[in-house]
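Asker: give me the fold of what follows.
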Amino acid sequence: MSSEARKGPTPGHLVWRLSMKWRVAVDRALAPLGLTHAQYVLLASLFGMQHAGLQPSQRELADHTGLEALYVSKLARALETGGLVERTRDPEDTRAVRLGLTGRGREAVAPAIATVEALLDQLLDPLGGLDDPRTAALVRDLTSLLDAPLNPPD
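Answerer: Take a look at the predicted model:
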């Protein structure tokens with residue numbers, strides 16, 4: 001179907017709008033806690049990875065979050081300055097920097113996770129909530145889209 005014949009918004013436009021709606025909502029919800037959405041993504045991901053027994057490198061955390069490695073490095077340095085994250089050189093690969101939450105970081109991320117989980121409940125309510133089959137289908141579809149390679153046209 002040509003773009004001229006299509007009625008209504010494109011899937012790309014809807015993905016963009018939803019991602020912006022989510023980003024703005026998370027930023028607003030986390031502002032009273034002194035965190036941005038990007039800082040939250042790094043801290044919450046690091047919390048989850050550490051809970052699973054991992055101490056990721058900056059590169060591994062970048063791959064996990066979908067953030068650029070340079071941006072993760074910049075965020076990690078700022079969070080280290082704030083006492084929330086510790087950065088240590090990997091003894092087996094001196095080029096790699098391993099990340100870990102400090103005690104203060106664990107204290108900061110706990111209420112942030114609860115805040116974002118409550119926001120997620122609101123977002124998914126129209127689909128019947130987190131445990132609804134429609135939400136499971138959405139997760140499968142979004143995962144398929146994220147896993148598909150995307151190369152710019154020649």
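
Asker: ok so Arg89 is a strand residue?
Answerer: Yes - under DSSP: H, G, I helix; E, B strand; the rest coil, Arg89 falls within a strand.

Asker: residues near it, how many?
Answerer: Neighbours of Arg89 under the rule other CB atoms under 10 Å: 11. C-beta: built from backbone N, CA, C; applies to glycine.

Asker: same check, this time on Glu117
Answerer: Using other CB under 10 Å, Glu117 is surrounded by 11 other residues.

Asker: tell me the phi and psi of it?
Answerer: For Glu117, the backbone dihedrals (degrees, to the nearest 10) come out as phi -60, psi -40.

Asker: wait, what's in contact with it?
Answerer: For Glu117, no contacting residues are found, by CB atoms under 8 Å, 6 or more residues apart in numbering.

Asker: any idea how far the helix or strand hosting Ile113 is from the chain center?
Answerer: For Ile113, the element it lies in under DSSP states H and E is helix 103-124. Centroid separation between helix 103-124 and its chain, computed with CA atoms, centre = their mean, to the nearest Å, is 12 Å.

Asker: check stretch 35-43 too.
Answerer: Its chain's average C-alpha position is 8 Å from that of stretch 35-43, according to CA atoms, centre = their mean.

Asker: then stretch 42-62?
Answerer: Centroid displacement of stretch 42-62 relative to its chain, using CA atoms, centre = their mean, is 11 Å.

Asker: can you give me the buried ones in that stretch?
Answerer: Under the neighbour-count criterion of 16 or more other CB atoms under 10 Å, stretch 42-62 has 42-47, 49-50, 56-58, 60-62 buried.

Asker: pLDDT of it, averaged?
Answerer: On average, the pLDDT along stretch 42-62 is 96.

Asker: now do that stretch: everything it contacts.
Answerer: Residues outside stretch 42-62 that contact it (CB under 8 Å, 6+ apart): 35, 64-65, 67-69, 71-73, 75-76, 79, 84-85, 87, 90, 96-101, 105-106, 108-109, 112-113, 116.

Asker: coming back round to it: can you list the buried residues in the helix holding Ile113?
Answerer: By neighbour count on 16+ other CB under 10 Å, the buried set for helix 103-124 is 105, 108-109, 112, 115-116, 119-120, 124.
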